[in-house]
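Trainee: Have a look; sequence and predicted model below, questions after that.
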Amino acid sequence: MRAELRYRRDRIENPDYLNTVEDVDVLIDELLDGPANENLAQIIHLDREQLRPGWPDHELQVGVDKELQVGVLSFLDRSGNYVTAGPAESRNAPEYYLAGHWTKFPDQTEIPIGLIREAVKEFLASGGQRPTCVTWKNQYPDD
């Protein structure tokens, strides 16, 4: 298990790594405790194939909101672009920030932090597959 991790401005060029499921809890806690404009991480599993050197065939993004204790996941690979399907009462157009860069997610995509942790652990343990412990929806339903 090894995944490349980017989420802070000072770590974009020199990424961190997730090597164990315990590292996932450290990541989520750092995102929760960090600045509000750095609450989204990009994770690339290193056990998956690359389209060409330096071009991964997938990406998992994980965002957390400290105040609401919710988060969002997005996953993309050759099969499509997906986001977590949150309950109807979750926020519309939540915003998260990867190293200070703004990302707006679709409506009703936030889920509890516990599910975020579980899904990222599954992603790491499965070799970079889309987690099955959460419900997904197409990020671009009109496509």
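Mentor: That came in fine, so what should we check first?

Trainee: Number of residues surrounding residue 126?
Mentor: Residue 126: 14 surrounding residues under other CB atoms under 10 Å. No exception for glycine: its C-beta is placed from N, CA and C like everyone else's.

Trainee: For it, list the residues it contacts.
Mentor: Residues near residue 126 by CB atoms under 8 Å, 6 or more residues apart in numbering: none.

Trainee: Touching the lowest-mean-pLDDT helix or strand in the chain from outside, list them.
Mentor: Sorting the helices and strands of the chain by mean pLDDT, DSSP states H and E puts strand 50-52 at the bottom, at a mean of 82. Outside strand 50-52, the residues that touch it by CB under 8 Å, 6+ apart are 56, 57.

Trainee: and that strand, which strands flank it?
Mentor: Pairing partners of strand 50-52, with direction, according to DSSP bridges: strand 55-56 (antiparallel).

Trainee: next SSE after the partner strand?
Mentor: Counting by DSSP states H and E, the element after strand 55-56 in chain order, helix or strand, is strand 59-65.

Trainee: For that following strand, which helices and strands make contact with it?
Mentor: If contacts are counted by 3 or more CB pairs under 8 Å, 6 or more residues apart in numbering; DSSP states H and E, strand 59-65 sits against helix 21-33, strand 40-45, strand 70-77, strand 95-98, helix 113-125.

Trainee: residue ranges with poor pLDDT in this protein?
Mentor: Regions of the chain meeting the criterion pLDDT under 70 cover residues 143.

Trainee: okay, the helices and strands packed on strand 59-65 in JSON lines with distance to residue 51 next?
Mentor: Shown next, in JSON lines, are these (distance: least, CB to CB, whole Å):
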{"stretch": "helix 21-33", "distance to residue 51": "25"}
{"stretch": "strand 40-45", "distance to residue 51": "12"}
{"stretch": "strand 70-77", "distance to residue 51": "10"}
{"stretch": "strand 95-98", "distance to residue 51": "21"}
{"stretch": "helix 113-125", "distance to residue 51": "19"}
